[in-house]
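A.B. asks: have a look at this fold, sequence not included:
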């Protein structure tokens, strides 16, 4: 670096806090890769121009590293000059009963979240490459130990009734979600983020302060599009239980590019442009047509009935990949299945049996069989390779002989019922798990069922339900692993506490809980990686769950559709879309 570069870096550092300066110093010293620096920098609030300037100052190639092209992680298709007008028709699916009214407090599934984010906006957006970009917020900064975060709002942002988006609106929206009396779907996310009722305040009309219960290095993700319930509404909104109906009637204003014109929870939804949208919009109409299943949706796409698939599975969309008339979006994702092994009682209470199950699975064979390679091997922890904070850990070994020996040591084989979801590749995955277990002397009876989440998933919400000794659960993408570490794995104490509320394995380990506390409190990447390695060691030894893979996220549009931004969470942002 030249003296000019050092002066530029010093000028940048003079305007940053201690957390940001530590990240900058680690990058300059070569202890952070460019990818890790971009990811961590966006989390702690470094702007894209600042990140670009620092990369340029530290680069040996001044001709190619002077700027970053837009926000890191752009996931749009190749664009052409915008075409105005036209209606985009998208294949959707019937939302769950909890999501049917599109109540931001209650939405709990993929079909619901993608509909909600057409009208509502978040403080930040979790991008396809796991970086953060501003939406309603333009900047965010932590205090010295990351126990307090300050967000600045975009002064241009306004609602569909023309009123500005203010800090009071943010306070009211987030406090509604963290109030335990409202039983928000996002309670576990905010518990992970260490945010309690009363923790949000307005410093002034354009500044929001979040005071946490302790340090939380990844907090900006908790108020991002990853926490899909956290759209911001006017402070005057006190009841969201009839959200879709009230938006149609003009009783609730929203800030997104669209407002709802017509909605049938079984058939589809029609949007109209937000007349006071503070951004730009090319399309004149947006419609979601609900299909019964993924196969029917893909058939509708092939026939030309619709223009886009928010999501498709490899098995249904194999013909799309080499079709020149189709844009396929394939994103690295942390979407995965967890096969929990109940630790508190039953045949998997013996750790040797759980370890044997992990050794019985040929993970590459599973990926090749179910996803034709469009997935990555995972190693029974939520620290997937796409996370910079994962650090290093040993791979889970496929070792049938050792697995058999462990089963024998534990007293021999047994019969057990396996429950789980009935959709996606779960039925085929269940057969593969059944076959792997049989090879080591364990006989699994497959009982996948539609009411799995009501009866055989967890006993935290209703101790009277049976739960299950082993079960297959679907987990959607997250930009950071904190929710995965908290809700399904921490020791469960109470619903109000939020920790372990999805703990179907009934795993309770004080060392694990302490390591997660250390991880979540860390504001720098190296400390996170060190804690992550401890966490992974515990999980690979205890094996409360099997996580054999994480799946690439797949979406598609017709070739004449450009400008879509897809996220692996399932958002399908259309404000920049053109349809030729």
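C.D. replies: Arrived safely. Every value quoted in this text rests on a predicted model; they were computed, and no experiment measured them.
A.B. asks: which ones are touching the most centrally placed residue in the chain?
C.D. replies: Per CA atoms, centre = their mean, the C-alpha nearest to the average position across the chain is that of residue 478, at 2.3 Å. The contact partners of residue 478, by CB atoms under 8 Å, 6 or more residues apart in numbering, come to 221, 226, 334, 484, 569. Yep, even glycine has a C-beta here, placed from its N, CA and C like the rest.
A.B. asks: narrow the residues you listed to those in helices?
C.D. replies: Cross-referencing these with the helices (criterion: DSSP state H) gives residue 484 as the overlap.
A.B. asks: quick check: buried residues in stretch 91-109?
C.D. replies: Of the residues in stretch 91-109, those buried by neighbour count under the rule 16 or more other CB atoms under 10 Å are 91-95, 99-109.
A.B. asks: no wait, stretch 545-564
C.D. replies: For stretch 545-564, by 16+ other CB under 10 Å, it's 545-558, 561-564.
A.B. asks: returning to that earlier point: which ones among the contacts of residue 478 lie within strands?
C.D. replies: With strands identified by DSSP state E, the entries of the contacts of residue 478 that belong to them are residue 334.
A.B. asks: biggest separation within the contacts of residue 478, which pair?
C.D. replies: Distances among the contacts of residue 478 were taken as CB to CB; the most separated pair is 484 and 569, at 13.3 Å.
A.B. asks: ok, those two, which is more surrounded?
C.D. replies: Set side by side, residue 484 and residue 569 give different neighbour counts by other CB atoms under 10 Å, the larger being at residue 569 (26 against 21).
A.B. asks: top helix in the protein by residue count?
C.D. replies: Ranked by residue count and defined by DSSP H, the top helix of the chain is helix 525-542.
A.B. asks: which of the helices or strands spans residue 418?
C.D. replies: Take DSSP states H and E as the rule and residue 418 turns out to sit in strand 415-420.
A.B. asks: so what strands line up beside that strand?
C.D. replies: With DSSP bridges as the criterion, the sheet partners recorded for strand 415-420 are strand 443-448 (parallel), strand 470-475 (parallel).
A.B. asks: check residue 316 and give its pLDDT.
C.D. replies: Per-residue confidence at residue 316 stands at 86 (pLDDT).
A.B. asks: list the buried ones in the helix or strand harbouring it?
C.D. replies: Following DSSP H and E, the helix or strand that holds residue 316 is helix 314-317. Buried residues in helix 314-317, counted by 16+ other CB under 10 Å: 314, 316, 317.
A.B. asks: ok, how many other residues are close to residue 399?
C.D. replies: Residue 399 is surrounded by 14 other residues when neighbours are defined as other CB under 10 Å.
A.B. asks: not counting sequence-adjacent ones, nearest residue to it?
C.D. replies: Computed as CB to CB, 6 or more residues apart in numbering, the closest residue to residue 399 that is not its neighbour in sequence is residue 359, at 4.6 Å.
A.B. asks: now do residue 347
C.D. replies: Nearest in space to residue 347, with sequence neighbours left out and distances taken as CB to CB, 6+ apart, is residue 414 at 5.0 Å.
A.B. asks: list the contacts of the one you found.
C.D. replies: Residue 414 sits next to 347, 442, 443 when contact means CB under 8 Å, 6+ apart.
A.B. asks: with neighbour count and pLDDT added, can I get those in TSV?
C.D. replies: What follows is the contacts of residue 414, written out as TSV (neighbours: other CB atoms under 10 Å; pLDDT from 0 to 100):
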residue	neighbour count	pLDDT
347	18	98
442	24	98
443	11	98
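A.B. asks: distance to residue 162 added to these, as CSV?
C.D. replies: Below are the contacts of residue 414 laid out as CSV (distance: CB to CB, whole Å):
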residue, distance to residue 162
347, 62
442, 63
443, 65
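A.B. asks: quick check: of the residues you listed, which lies closest to residue 535?
C.D. replies: Top of the list for closeness to residue 535, among those and by CB to CB, is residue 347 at 25.5 Å.
A.B. asks: I'd like the distance between that closest one and residue 412.
C.D. replies: Computed with CB to CB, to the nearest Å, the distance linking residue 347 and residue 412 is 10 Å.
A.B. asks: repeat that for residue 210.
C.D. replies: Residue 210 sits 53 Å away from residue 412, going by CB to CB.
A.B. asks: neighbour count winner among those two?
C.D. replies: Using other CB under 10 Å as the criterion, residue 210 and residue 412 rank with residue 210 on top: 26 against 9.
A.B. asks: correct me, but the more buried one touches residue 148?
C.D. replies: Yes. The pair residue 210 / residue 148 is scored as a contact, 6.8 Å apart, by CB atoms under 8 Å.
A.B. asks: so residue 259 belongs to a strand, correct?
C.D. replies: Yes. Read with DSSP: H, G, I helix; E, B strand; the rest coil, residue 259 is one of the residues of a strand.
A.B. asks: my read is that it contacts residue 276, right?
C.D. replies: No. With contact defined as CB under 8 Å, residue 259 does not count as touching residue 276 (9.5 Å).
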